[in-house]
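Undergrad: Make a model of this:
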Amino acid sequence: MYPFLCNKFWKGIFTIPNRTLKDTKIHTFQYKIINRIINCNENPTKWKIKNNSECRRCNRIKTIEYMFYCCDVTVFFVKQLENCLKTVFDLCVSLSPVDFLFGIPCTYKRSFSRLHLLNYIILQAKYFIYRSHGKHDIFFLDFLV
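TA: As a prediction, this is how the structure comes out:
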């Protein structure tokens with residue numbers, strides 16, 4: 001699905017959950033995203049478990065990309081998150097869809113402690129979105145804390 005991502009990038013992506021946190025529930029969650037087996041409306045429809053793959057809120061097909069980056073509610077939440085990162089942690093980031101879906105792999109150019117913090121926050125935010133998607137009309141950052 002993401003042919004533009006090189007093998008070196010994937011190696012870094014697969015190590016992010018283990019390097020970032022110890023919660024195996026969120027490790028499993030992230031690996032399901034990476035392997036495209038997470039339960040969004042699109043997959044149960046493919047697996048013939050559900051008849052409808054549309055989001056109840058906006059009637060668009062609910063894919064992994066849609067749920068974690070394209071949905072209006074998620075876009076609003078990610079913008080709040082970016083503002084919070086800038087205000088609280090002095091991290092000026094603009095998260096691309098790939099950064100938000102997979103995390104940001106460590107390279108020699110980046111500060112590891114800040115990068116681990118950023119990846120931890122991204123993982124927690126995605127898990128919050130996954131648990132909350134379809135339950136709320138809008139996500140606010142105070143739900144996450």
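Undergrad: Just the buried positions in stretch 112-129, please.
TA: For stretch 112-129, burial by neighbour count (16 or more other C-beta atoms under 10 Å) applies to 115-116, 118-129. The C-beta positions use only the backbone N, C-alpha and C, and glycine is treated the same way.
Undergrad: now stretch 86-99
TA: Buried, per 16+ other C-beta under 10 Å, within stretch 86-99: 91, 93, 95, 98-99.
Undergrad: Among these, which one sits closest to Asn35?
TA: Nearest to Asn35 among the buried residues of stretch 86-99 is Val98, at 15.7 Å by C-beta to C-beta.
Undergrad: re earlier: most widely separated two among the buried residues of stretch 86-99?
TA: Most distant of the buried residues of stretch 86-99, by C-beta to C-beta, are Leu91 and Val98, 17.7 Å apart.
Undergrad: Dump stretch 14-22 to CSV, restricted to CA.
TA: Output of stretch 14-22 as CSV, limited to C-alpha atoms (Å, rounded to 0.1, in the frame of the first residue of the first chain):
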residue,chain,number,x,y,z
PHE,A,14,8.7,-1.8,13.4
THR,A,15,11.0,-0.8,16.3
ILE,A,16,9.1,2.3,17.4
PRO,A,17,6.5,0.6,19.7
ASN,A,18,9.1,-1.4,21.6
ARG,A,19,11.4,1.5,22.0
THR,A,20,8.7,3.9,23.0
LEU,A,21,6.5,2.2,25.6
LYS,A,22,5.9,-1.0,27.4
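Undergrad: quick one: contacts of the longest helix seen in the chain?
TA: Looking across the chain with DSSP state H, the single longest helix is helix 112-132. With C-beta atoms under 8 Å, 6 or more residues apart in numbering as the test, helix 112-132 has contacts from 16-17, 19-21, 26, 29-30, 33, 38, 67-68, 74, 77-78, 81, 85, 89, 91, 93, 95, 99-101, 103-104, 106, 139, 143-144.
Undergrad: List buried residues within those residues.
TA: Counted by 16+ other C-beta under 10 Å, the contacts of helix 112-132 give 16-17, 20-21, 26, 29-30, 33, 38, 67-68, 74, 77-78, 81, 85, 91, 93, 95, 99-101, 103-104, 106, 139, 144 as buried.
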